[in-house]
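**Q** Sequence first, predicted coordinates after that:
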Amino acid sequence: MREKKPRTVLMSKWTKTKVLLGSKMARPFIPDTRRFNKSTLRMMLNSYSMVYVKPEVGTFGNGVIRVEQIKSGGYTYQLETKVSKFKDYDSLHSSLQQITRKKSYLIQKGIHLVKYNKRCFDIRVMVQLSPKGKWETTGLIGRVAHPGKIVTNYHSGGKPMDVKRLLATHLSSSEMEKVIRTLNDLGEGTGKFLHNKYPGFRQIGLDIGFDRTWTPWIIEVNTNPDPYIFNQLTDKSMYHKVMKYKRAAK
């Protein structure tokens, strides 16, 4: 029996993760993601030392918690700008339960992202179905986390930045062009794959972060991406193209 195909939005991060794991191209770049429970959190902290606990359904980075196992002993977590410390695992989990309550949360392997001025950043890749019916990367924009926060979202105080300006602080011109090609390929390949599963989609936004080896990680896929972040750039050409394709898709 074929899955029901939503027109434009797929809200569950768990469903999106499971679907994308079916893509040979995307699978190697999807961080280990599991449903939140006490035993799984302990296992993932033992494996990765740092993880993100996030609502299964949510936007703008709201409710995302970074949880860490400290080498010297104990645990910490950060929500918004507040950091909480715990001597033992049971205390940590009990506190997290007060936040998660009966809502569905996921645990995602933590990626130590490259930084800009000591602030983590990722890149939003906007991919849209062109008026000619071809998936195309129409926008790339850097998102630098607000000082003291763990998420890069614009609505949570993140700073939008020109991608080339951001990457130039770490990479040579040739290295930067290679990274941009990787972003384009990942974006367009993911767009085609999702479109085959859910033909109603006309645009997606991938949030891709790089670790210190410059391996790209698909942190999240948004099936109803906000196009207006591109209007924050001085050069409006990307914004105009994104909006043109968005109007054509209606």
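**A** Looks like it arrived, so ask away.

**Q** mind checking the SS state of Thr152?
**A** For Thr152, the assignment made with DSSP: H, G, I helix; E, B strand; the rest coil gives coil.

**Q** isn't it right up against Arg143?
**A** Yes - using CB atoms under 8 Å, Thr152 is in contact with Arg143, at 3.9 Å. In short, each C-beta sits where N, CA and C put it, glycine included.

**Q** okay, and the common contacts of those two?
**A** Phe121, Asp122, Gly158, Asp207 (CB atoms under 8 Å, 6 or more residues apart in numbering).

**Q** partner residues bridging the last one?
**A** This points to Asp207. On the basis of DSSP bridges, Asp207 is bridged to Arg124, Glu220.

**Q** Just give me the neighbour total for it.
**A** 20 (other CB atoms under 10 Å).

**Q** wait, Val51 sits on Thr40?
**A** No - contact criterion CB under 8 Å: Val51 and Thr40 do not qualify, at 9.8 Å.

**Q** quick one, which of these two is more surrounded?
**A** Val51 (28 against 14).

**Q** what helix or strand does the more buried one sit in?
**A** According to DSSP states H and E, Val51 maps onto strand 50-55.

**Q** That strand: which residues count as buried?
**A** Val51, Tyr52, Val53, Lys54, Pro55 (16 or more other CB atoms under 10 Å).

**Q** Include distance to Glu188 and pLDDT when you put these into a markdown table, please.
**A** Formatted as a markdown table, the buried residues of strand 50-55 follow (distance: CB to CB, whole Å; pLDDT from 0 to 100):
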| residue | distance to Glu188 | pLDDT |
| --- | --- | --- |
| Val51 | 29 | 97 |
| Tyr52 | 26 | 96 |
| Val53 | 31 | 96 |
| Lys54 | 26 | 94 |
| Pro55 | 28 | 93 |
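
**Q** Give the residues shared as contacts by Val51 and Thr40.
**A** Common contacts of Val51 and Thr40 (CB under 8 Å, 6+ apart): Ile107.

**Q** pLDDT of stretch 171-188, averaged?
**A** Mean per-residue pLDDT for stretch 171-188: 96.

**Q** What is whatever helix or strand comes next after the strand holding Val51 packed up against?
**A** Of the helices and strands lying after strand 50-55 in sequence (DSSP H and E), the nearest is strand 65-69. Under the contact criterion of 3 or more CB pairs under 8 Å, 6 or more residues apart in numbering; DSSP states H and E, strand 65-69 touches helix 38-48, strand 50-55, strand 75-79, helix 89-100.

**Q** and if we set it to 10 Å?
**A** Strand 65-69 sits against helix 38-48, strand 50-55, strand 75-79, strand 82-86, helix 89-100, strand 105-109, with contacts defined as 3 or more CB pairs under 10 Å, 6 or more residues apart in numbering; DSSP states H and E.

**Q** What residues of the longest helix along the chain count as buried?
**A** Assignment by DSSP state H gives helix 173-197 as the longest helix of the chain. Going by neighbour count (16+ other CB under 10 Å), the buried part of helix 173-197 is 176, 179-180, 182-183, 186-191, 193-195.

**Q** Output stretch 38-50 as PDB - backbone C-alpha positions only.
**A** Taking C-alpha atoms only, stretch 38-50 is exported to PDB below (Å, rounded to 0.1, in the frame of the first residue of the first chain):
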ATOM      1  CA  LYS A  38      16.200   6.700  29.100                       C
ATOM      2  CA  SER A  39      18.200   3.700  27.800                       C
ATOM      3  CA  THR A  40      18.800   5.100  24.300                       C
ATOM      4  CA  LEU A  41      20.000   8.400  25.600                       C
ATOM      5  CA  ARG A  42      22.500   6.700  27.900                       C
ATOM      6  CA  MET A  43      23.700   4.500  25.000                       C
ATOM      7  CA  MET A  44      24.100   7.500  22.600                       C
ATOM      8  CA  LEU A  45      26.000   9.500  25.200                       C
ATOM      9  CA  ASN A  46      28.400   6.600  25.800                       C
ATOM     10  CA  SER A  47      28.900   6.400  22.000                       C
ATOM     11  CA  TYR A  48      29.100  10.100  21.100                       C
ATOM     12  CA  SER A  49      29.600  12.100  24.400                       C
ATOM     13  CA  MET A  50      27.500  14.900  22.900                       C
END
